[in-house]
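Visitor: Kindly return the folded structure for what I paste below:
(one chain, ligands or ions: 4)
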Amino acid sequence: RASKLRELLSSERPVRQDPPSPTVPAVEDLQDAIDRQALTVVFQPRIRCTDNHLVGVEVLARWNYPGRGAIGPSAFIPIAEDAGLIVQLTTQVIDMGLEWLARRRPEQHLQMSVNFSTASLTDRGFPEVVENLARTRGIEPHRLILEVSDRAVMADPMVSLNVLARLRDKGFGLSIDDFGSGNASLEQLARMPFSDMKIDSAFVHDASRAGVARKVVRAIVALGHSQDMTVTAEGVEDHEALRFLKDIGCDFAQGYLIGRPMSAERISAWMDARAF
Ligand code: C2E
Ligand code: CA
Ligand code: CA
Ligand code: CA
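Guide: Ligands and ions are numbered 1, 2, ... in the order given. As a prediction, the model looks like this:
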């Protein structure tokens, strides 16, 4: 079954790329923005498919590049990685997210997902850094989920496994991001201590129409559940996709249909309006 899925995944993998960035930011400017703590974050809601209940948010980095407006993470995360700035950046993003989370009512049990890239995964000291950030903000570890793309994990599986296992031991959630977009072998992923699997938005988009993409999404949900993981679909943009995901027992959904990434103030208002 697994190899059948892989065949499907590789032959049907839709090619979706981010639009080219209009500006290539300079490393010095990025370093400066990090030093001045000028980066910001936005929050995107994640709901439970069965009853649309808000379970958490994903925190996404933003940078207001002087004179050129907000630029997206696809333009500056790779630069941060290459320049050795990603650990510093990730630390700031996590802390800004936790600061917002700490102000939510505790009975909401809201979770927060954060993106974790390769360089953070190969930094053996990172689990303690994350633990200290959460402790300082008074957030229980199970409320923080670290998302790691399947490509990042494969860059150095042994070190990744060490860091991931220690994060999991400390009680943090771990999600395989963009599942199906990289070349991680299912066997290797199954040995890693993930608690959630995030289906790449490319499959989710195609699944709002009929066809092989639906079979792939169904197979990914079954695969995740067989490994005792919850499954999250991202990039949910229309009602057809959400209905299909509900029908096949996908656990969580995220996407423009539910809510776009929003500033701290806007998502708080959004939550109030929806009585979350
Ligand atoms: P990702 O982790 O897959 O995040 C989801 C991206 O899809 C976000 O783009 C989000 O705005 C967008 N998105 C959400 N819902 C929809 C939808 O329904 N349709 C469409 N077309 N797009 C949707 P964003 O914020 O530009 O982030 C891009 C990528 O940059 C992220 O992909 C993540 O890999 C990376 N990233 C973002 N913030 C951070 C960060 O703090 N640290 C690291 N290491 N990476 C980050
Ligand atoms: Ca993510
Ligand atoms: Ca993703
Ligand atoms: Ca993605």
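Visitor: I'd assumed residue 245 was in contact with residue 214.
Guide: No: counting by Cβ atoms under 8 Å, residue 214 does not reach residue 245; the two are 10.2 Å apart. All C-beta atoms are positioned from the backbone trio N, CA, C, and that covers glycine.
Visitor: Identify the contacts common to those two.
Guide: Common contacts of residue 214 and residue 245, defined by Cβ atoms under 8 Å, 6 or more residues apart in numbering, comprise residue 207.
Visitor: for the closest residue to residue 175 other than its chain neighbours, what are its contacts?
Guide: The shortest distance from residue 175 to any non-neighbouring residue, by Cβ to Cβ, 6 or more residues apart in numbering, is to residue 196 (3.9 Å). With contact set as Cβ under 8 Å, 6+ apart, residue 196 has these partners: 145, 173-176, 224, 229-232, 252.
Visitor: Tell me which helix or strand residue 166 sits in.
Guide: For residue 166, the element it lies in under DSSP states H and E is helix 157-169.
Visitor: Surely residue 72 touches residue 65?
Guide: No: assessed by Cβ under 8 Å, residue 72 is found out of contact with residue 65, at 10.4 Å.
Visitor: Test my guess that residue 274 contacts residue 47.
Guide: No: using Cβ under 8 Å, residue 274 and residue 47 do not qualify as a contacting pair, with a distance of 9.9 Å.
Visitor: hmm, back to that, name the member of the contacts of residue 196 that has the highest neighbour count.
Guide: Counting neighbours by other Cβ atoms under 10 Å, the top entry in these is residue 232, with 32 neighbours.
Visitor: just to revisit the earlier point, sort out for me which of the contacts of residue 196 are in helices.
Guide: Per DSSP state H, helices hold the following members of the contacts of residue 196: residue 224.
Visitor: And what about the residue of the chain most remote from its centre, helix, strand or coil?
Guide: Distance from the C-alpha centroid of the chain, by Cα atoms, centre = their mean, peaks at residue 67 (28.9 Å). Three-state assignment for residue 67 (DSSP: H, G, I helix; E, B strand; the rest coil): coil.
Visitor: who's in contact with it?
Guide: By Cβ under 8 Å, 6+ apart, residue 67 has no neighbours at all.
Visitor: can you give me the strands for the stretch 151-276 of the chain?
Guide: Under the criterion DSSP state E, counting those that start in this stretch, the stretch 151-276 of the chain contains strands at 173-179, 196-199, 230-233, 252-253.
Visitor: Need those strands in a markdown table (columns: distance to ligand 3).
Guide: A markdown table is the format used below for these (distance: least, Cβ to the ion, whole Å):
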| stretch | distance to ligand 3 |
| --- | --- |
| strand 173-179 | 4 |
| strand 196-199 | 5 |
| strand 230-233 | 9 |
| strand 252-253 | 13 |
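Visitor: Now do the buried residues in stretch 222-229.
Guide: 223-224, 227, 229 (16 or more other Cβ atoms under 10 Å).
Visitor: and stretch 131-151, average pLDDT?
Guide: Per-residue pLDDT over stretch 131-151 has a mean of 95.
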